[in-house]
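1. Let me see the structure of the following:
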Amino acid sequence: MAENSYKEPVKETTGKKQKKGGGVLSSLLNGSFLTFEKSPGLLPFLLFLSLLAVFFIGNTYYAEKKVRNIENMRHEVTELRTIYISNKAELMYLSNQSEIARRLSEKGIVESTIPPRIVREEESRRNFLLRIFPRGK
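-> Model prediction:
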């Protein structure tokens, strides 16, 4: 009597080369890498990679938040600069001599037409040493 033998099933080829294991990426995506013998040794590394990915995602969100804050502050600085320039221009206009005279004329104060005179003290016209060491005073 002859022994039974196992026959390999014949695979149909479509002309394309088929991958035997499906590749590393597909084993990661479908979770079949966990069934390998080395998978318990790889778990700390995979946990590290996942922690690193979470850190990078959090860092990206933090950076985008900072960029939005910087843009808002830049806009606020532009607005405040505009307000400052307009207030400064108004102050320059209000401090003109003609504008001051016009506003004071409404209250009854008028500009003097007599030019100012310089008043000098007699003591300031004396000699420097005499000012420091007065004679008999």
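2. per-residue pLDDT, the residue sitting nearest the centre point of the chain?
-> In the chain, the residue lying closest to the centroid (Cα atoms, centre = their mean) is residue 70, at 2.9 Å. Looking at residue 70, its pLDDT reads 98.
3. following the one helix or strand in the chain whose mean pLDDT sits lowest, which helix or strand shows up next?
-> Ranked by mean pLDDT, DSSP states H and E, the weakest helix or strand in the chain is helix 122-125, scoring a mean of 60. Once the chain leaves helix 122-125, the next helix or strand it forms, by DSSP states H and E, is helix 128-132.
4. Check the average confidence over that next one, would you?
-> Across helix 128-132, the average pLDDT comes to 71.
5. do the same with stretch 83-98
-> In this model, stretch 83-98 has a mean pLDDT of 95.
6. now do stretch 45-58
-> Throughout stretch 45-58, pLDDT has a mean value of 95.
7. For burial, what's the neighbour tally of residue 34?
-> Neighbour count for residue 34, taken as other Cβ atoms under 10 Å: 13. Quick note: C-beta positions are derived from backbone N, CA and C, even for glycine.
8. Tell me how many other residues surround residue 100.
-> Residue 100: 13 surrounding residues under other Cβ under 10 Å.
9. Find the nearest non-adjacent residue to it, please.
-> Once flanking residues are discounted, residue 100 sits nearest to residue 94: 7.7 Å by Cβ to Cβ, 6 or more residues apart in numbering.
10. Pull up the gap between that neighbour and residue 85, please.
-> Using Cβ to Cβ, to the nearest Å, residue 94 is found at 15 Å from residue 85.
11. ditto for residue 112
-> According to Cβ to Cβ, residue 112 and residue 85 sit 34 Å apart.
12. can you check residue 98 too?
-> Here residue 98 is placed at a distance of 22 Å from residue 85 (Cβ to Cβ).
13. ok, back up a step: more neighbours, residue 112 and residue 85?
-> More crowded of residue 112 and residue 85, by other Cβ under 10 Å: residue 85, with 10 against 6.
14. pLDDT (mean, whole number) over stretch 106-114?
-> 88.
15. No further queries at this time; thank you.
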